[in-house]
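Visitor: quick check, what structure comes out for this input:
(chains A and B)
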Number of protein chains: 2
Amino acid sequence: MTVNLPLPLKADLKPVKGFEMGIAEAGIKKVNRKDLLVMTLVPGSQVAGVFTLNRFCAAPVQVCREHLTQAESKSEIRALVVNTGNANAGTGEQGMKDALRTCEVLAKELGLQSEQILPFSTGVILEPLPIEKIIAALPKAVANLGGNHWLDAAEAIMTTDTQPKATSMTVQTPAGPVVITGICKGAGMIHPNMATMLGFIATDAGFAPGLLADLTREVADLSFNAITIDGDTSTNDSFIIMATSQSGVEIKSVTDASYVSLREALIAIARKLAQMIVRDGEGATKFMTIEVVGGKTTEECRLVAKAVAHSPLVKTAFFASDPNLGRILAAIGYAGITDLDVNRVQLWLGDVWVAKDGGRNPSYQEVDGQRVMKEAEITVKIDLGRGSASQTMWTCDLSHEYVSINADYRS
Amino acid sequence: MTVNLPLPLKADLKPVKGFEMGIAEAGIKKVNRKDLLVMTLVPGSQVAGVFTLNRFCAAPVQVCREHLTQAESKSEIRALVVNTGNANAGTGEQGMKDALRTCEVLAKELGLQSEQILPFSTGVILEPLPIEKIIAALPKAVANLGGNHWLDAAEAIMTTDTQPKATSMTVQTPAGPVVITGICKGAGMIHPNMATMLGFIATDAGFAPGLLADLTREVADLSFNAITIDGDTSTNDSFIIMATSQSGVEIKSVTDASYVSLREALIAIARKLAQMIVRDGEGATKFMTIEVVGGKTTEECRLVAKAVAHSPLVKTAFFASDPNLGRILAAIGYAGITDLDVNRVQLWLGDVWVAKDGGRNPSYQEVDGQRVMKEAEITVKIDLGRGSASQTMWTCDLSHEYVSINADYRS
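Guide: Residues are numbered from 1 along each chain as shown, chains lettered A, B, ... in the order given. Sure, this is the predicted structure:
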């Protein structure tokens, strides 16, 4: 079950100059399945990333952080490697050794230094990484490197995803056209900061030092950090933006004319990718937009949006198309705004004004709520009536299939 | 589905001297169903309560708080009234009027003042309370007041509960025997601070002013605030201890010899009741005890226990009897201890040492994990390795039936 999830077409996914992908079947968990992806960048490229805040973060996440820190001063990132089927998390010292060994072997294969590689893993936690299988398959992935493999790359990073997720656009900046293409994976364990989510976006624009790192954080907050499926922040989440500088469009500062259009385009691409994850949410039958306005701060709006988006009772009511909307009020009430005056709270379901000044809107009729609840895409709008801050989150419903998928994941 | 949920026997539920219950069928939501409960206390009784922290708390909760505050100085609580089928929450001004009107009518019926009544409601949110039906049934409830109606009372407060929940004991204090009997309801929307949970405990002991209020908060934290089913803190949760002073055992201060045994007995009764709610958790097939030790503070242990107990991924894995234990580590990792050294974390599943020093225990075998996972009652023990504080929580698994129950609740 997916909710209006677009199937990417190979022809629509534009190559990014200076960026190549190679795919292999390493047989990590299943045979005859693309499960290894190598990505390479031309010299002079820049890479920035945002990673899970989980303290039990996976070994590859720790290695990524280290290598990115080194890249700020003495080296530059030139390649990335992703395996699915095993998260290399909760694997202790051996896990770190395995992540570093993957980098070493790939570096040798590509004529690079180990610290120029970023490693990523996704899959089962607490099981040793089958490092020999990965190493054996690396040369095959390198052998088929090419700029036109976006769809294969999107397939190679899938776990419980029902289909590959990718999107692409050309943005016309004042300094010339820039290509942006991205892929991502994830369908469960999805929550802000972040989830079993991998997202990779490549662009042929260039950025002055430091600029890309700030922009990546900002883009993540407005996209991948604004989705939730089940509230579980995973051990491996990573979101990466890579910039090859090959288009000739160079962003020197945030005041550049081209920066504005490029920033908007990156946010749009990242949001589209993030929403694809929700649309493919484990067992999803509904796509819900939770829009909170009228807050004192963005943070309190986020708290409310998260509480509503995360409530199993709200999510099962949406699954049932049941306008049991008191559950939304209950979630607003426990979101954590201790001085919330509920008598100022308004609630809309789509275009229907459901709760007025904290109580049932006298003109609200259940038949109207029912009509909206039957739609596949539903916007819940909450006005807190205490300020001008706002925050939007995206989520999906909680269905029987969610339980089935997660009860059977390993069997 | 319930997990070792004891069926209370009428003969086991001891009357508490000075305390009576009357039950009626008000036809609030369904016909031929006990849905109204009146409880009365002799003059000189004391009542203390702990209520939901939800900002959208129901009208009756607001009235309870007000009347309890007044009872501290100028009045005394002499009766309680509970209806099921409608929560009288998200009902605005009319909801407040309805809650107060219920008190007025019952007060007149019993020859009391309105502020001597505590009202409680549980059921659907955001729908107007059918106040006329309740008022019409109050005289019937009053007419059958008696001290031996515990089982009927437990039935009258049920919503999605599969069976009544009640327990009783006589505790021998140095000052003489004391009877404690309690009932509760709740099966979903269960989470600390608190849930669609109503708990009422009566005892014939007596307490010096102020003492019972502190004790009630303490008992709640060690029982009803230590359970979670789906993480939704409801609008109506209330936990009440009533003390009639009729046994002759009077507690003057916390240093009284009888205080210790009475405190222990009240905690035991409240825990038993709270655990019954988990054992009847919507769709529950497993009863899980999450024991966190080795923390720096009780609060951080509570954070970790809550994260594990609340994770849909952990809960579905338990439903599937799948020792996918990395999900527990992931939950520990995102619980919010920012300086957690994961290399000091130990994890046991029952008697099986699963994760050692943050990684998979080399001697752990999946077959051992599998064995424990198949049991109906499972203890997860987590040692954070950073202090001597501890905290235990109780929860259940997440099954297909949870989704069914909550998708169909109103239909």
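Visitor: in chain A, which helix is the longest?
Guide: Identified as the longest helix of chain A according to DSSP state H is helix A:257-279.
Visitor: and that helix, how far out from the chain middle?
Guide: Here helix A:257-279 is found 11 Å from its chain centre; the criterion is Cα atoms, centre = their mean, to the nearest Å.
Visitor: repeat that for stretch A:25-44.
Guide: On the basis of Cα atoms, centre = their mean, stretch A:25-44 sits 19 Å off its chain's mean C-alpha point.
Visitor: is any residue of it near chain B?
Guide: No: Stretch A:25-44 lies out of reach of chain B by Cβ under 8 Å from any Cβ of the partner chain, never closer than 13.6 Å. Backbone N, C-alpha and C define where each C-beta goes, glycine included.
Visitor: which stretches of the stretch 301-411 of chain A form helices?
Guide: Counting by DSSP state H, counting those that start in this stretch, the stretch 301-411 of chain A has helices at residues A:312-319, A:326-333, A:366-373, A:400-408.
Visitor: ranking those by mean pLDDT, which is last?
Guide: Here the helices of the stretch 301-411 of chain A differ in mean pLDDT, and the lowest is helix A:400-408 at a mean of 73.
Visitor: what about the nearest residue to A:Ala257 once chain neighbours are set aside, neighbour count?
Guide: Distance criterion Cβ to Cβ, 6 or more residues apart in numbering or on different chains; nearest residue to A:Ala257, sequence neighbours excluded, is A:Pro174 at 4.4 Å. Neighbourhood size, A:Pro174 [other Cβ atoms under 10 Å in any protein chain shown]: 11.
Visitor: A:Pro174 and A:Val260 touch, don't they?
Guide: No: the criterion here is Cβ atoms under 8 Å, and A:Pro174 misses it with A:Val260 at 9.1 Å.
Visitor: ok so, going back, ok, the residue nearest to A:Ala257 to B:Leu145 distance?
Guide: Per Cβ to Cβ, to the nearest Å, A:Pro174 is found 82 Å from B:Leu145.
Visitor: with A:Ser261 instead?
Guide: As judged by Cβ to Cβ, A:Ser261 and B:Leu145 stand 75 Å apart.
Visitor: and what of A:Lys356?
Guide: Per Cβ to Cβ, A:Lys356 is found 40 Å from B:Leu145.
Visitor: OK, contacts around the residue nearest the centre of chain A?
Guide: Taking Cα atoms, centre = their mean, the centroid of chain A lies closest to A:Phe224, which sits 4.0 Å from it. The neighbours of A:Phe224, taking Cβ atoms under 8 Å, 6 or more residues apart in numbering or on different chains as the test, are A:Val50, A:Cys184, A:Met194, A:Ala195, A:Met197, A:Gly199, A:Asp237, A:Phe239, A:Ala270, A:Leu273, A:Ala274, A:Ile277.
Visitor: which regions of chain A sit below the pLDDT cut-off?
Guide: For chain A, the stretches with pLDDT under 70 are A:187-196, A:229-234, A:408-411.
Visitor: residue contacts, the residue of it positioned farthest from its centre?
Guide: The centre of chain A is farthest from one residue, A:Pro362, which by Cα atoms, centre = their mean lies 40.3 Å away. A:Pro362 makes contacts with A:Lys356, as judged by Cβ under 8 Å, 6+ apart.
Visitor: report the residue ranges of every domain in chain A.
Guide: As assigned by automatic domain parsing, chain A contains the domains A:10-277, A:287-408.
Visitor: ok, back up a step: next one: the residue nearest to A:Ala257 from A:Phe207, what distance?
Guide: As judged by Cβ to Cβ, A:Pro174 and A:Phe207 stand 16 Å apart.
Visitor: same deal with A:Val367?
Guide: For A:Val367, the distance to A:Phe207 equals 53 Å [Cβ to Cβ].
Visitor: out of the two, which sits in the more crowded spot?
Guide: Per other Cβ under 10 Å, whichever of A:Val367 and A:Phe207 has more neighbours is A:Phe207, with 25 against 9.
Visitor: wait, A:Glu300 sits on A:Ala389?
Guide: Yes: using Cβ under 8 Å, A:Glu300 is in contact with A:Ala389, at 7.2 Å.
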